[in-house]
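>>> pasted the sequence and its predicted model underneath.
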Amino acid sequence: MDDFAEWVRVTFGLGEGPLTCSVGGHGADGEVWHLQVGSRHHAVKRPFRVVDVEALQREADLLGHLGARGVEVPTHVTARDGRLVVEVPDRLGGGWTRVSHWVEGTSVGGRPSEVAEPLGRLLAQLHQAAPRASEAPRAWHTRMPPPERWRDLVERSVGQPWQAALEDALDTLGEYAEIVEAAGSGAQPFLVGHCDLHPDNVLLAADGGLRAIDWEDAGAMDPTRELAKTLVQWHVLGEEVDEGAVAATVRAYVEAGGPGLLSGLTDFAMVMCSESNFLAHQLAVALDEGAPPQRRLAARDEITEALAGYLPGPGAIERVLRAARTSGRAAP
């Protein structure tokens, strides 16, 4: 790892000083390393997939825009030749790497209710500072996997440990599809947002506030739908809803000037689509015999977590909506 760290230092022009590198995290999209050069801290990412350079440039532009407006985000560091992402030599493992400024904080972990109010303030800050989007939200956030894809994945999952849970989830996925079909793409004007603000992508800072990291999925969104998505990902597990935390997050969001206004189940289309598409993608990876073993194992873990609690039924989502109404920020 020392050779890789030294290569990153030179390639990205990170300056001189003592050099240390440690594991910073591991997610569905890649590995993150914490690189310290002297007193300067950086996040070094090695994505599993080929990097979309145009999407990465859009992400860098967004983070630069937010940073200029006082939002603490992991802005990008360009290589000495101006590139945002650089191919890693085969002698150092190959693949690609990118560097950003390190955002200091600790994991929220299993304490989402304890930071319900800071979460509302963070989301309002991001929505207020966000630029207007020039395009509509991506299909990942507006369209469900078609029924034939689920049939194929179920058939291929015969004998797998998640088979029964996947079959049990089909009714919920069908209900999602009906709601999403009625929802459309959302209300304009769209903003450019994080789009994946779940607890693993947020850090608790020393000042008690929250900081958003991992902006790879940033894109066009309806702020109401991102609010709804965030409430589900933070305060719902299966059919259990922390209604007090939902109300606290929405109340803080309103008081901080957040523009989202929940009105019905269709406002939850974004979370329904994203969780469903994520599950379908992880199933495809886990069932792909040609995929790297590490990726398949990681996908199996993601499938287990998703089927255990990330697909709440419409009844649970109705309770989220009712709890939001008690905060005064949902249409009656």
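That came through fine. Numbering: from 1, shown residues only.
>>> enumerate every residue touching the nearest residue to residue 93 once chain neighbours are set aside.
Counting by C-beta to C-beta, 6 or more residues apart in numbering, residue 93 lies nearest to residue 4, which is 7.1 Å off, once chain neighbours are set aside. (Glycine included, C-beta is placed from N, CA and C.) By C-beta atoms under 8 Å, 6 or more residues apart in numbering, the contact set of residue 4 is 21, 88, 92, 93.
>>> looking at the residues you listed, which are in strands?
Counting by DSSP state E, the contacts of residue 4 place residue 21 in strands.
>>> for the record, mean pLDDT for stretch 298-315?
Averaged across stretch 298-315, the pLDDT comes to 95.
>>> buried residues in that stretch, which are they?
Neighbour-count burial for stretch 298-315 flags 298, 299, 300, 302, 303, 306, 307, 310, 311, 312 (criterion: 16 or more other C-beta atoms under 10 Å).
>>> in this structure residue 194 contacts residue 218, no?
Yes. Contact status for residue 194 versus residue 218: in contact at 5.8 Å, counting by C-beta atoms under 8 Å.
>>> name the residue in these two with the higher neighbour count.
Taking neighbours as other C-beta atoms under 10 Å, residue 194 and residue 218 compare with residue 194 leading, 28 against 21.
>>> ok, that one - contacts?
Counting by C-beta under 8 Å, 6+ apart, residue 194 touches 126, 201, 212, 215, 217, 218, 226.
>>> if I look at the third one, how far off is residue 250?
It stands for residue 212. In this view, residue 212 and residue 250 are 18 Å apart by C-beta to C-beta, to the nearest Å.
>>> neighbour count for those two, which is higher?
Shown here are residue 212 and residue 250; by other C-beta under 10 Å, residue 250 has more neighbours (32 against 24).
>>> residues near the nearest residue to that one once chain neighbours are set aside, how many?
Distance criterion C-beta to C-beta, 6+ apart; nearest residue to residue 250, sequence neighbours excluded, is residue 327 at 4.0 Å. Residue 327 has 19 neighbours, counted by other C-beta under 10 Å.
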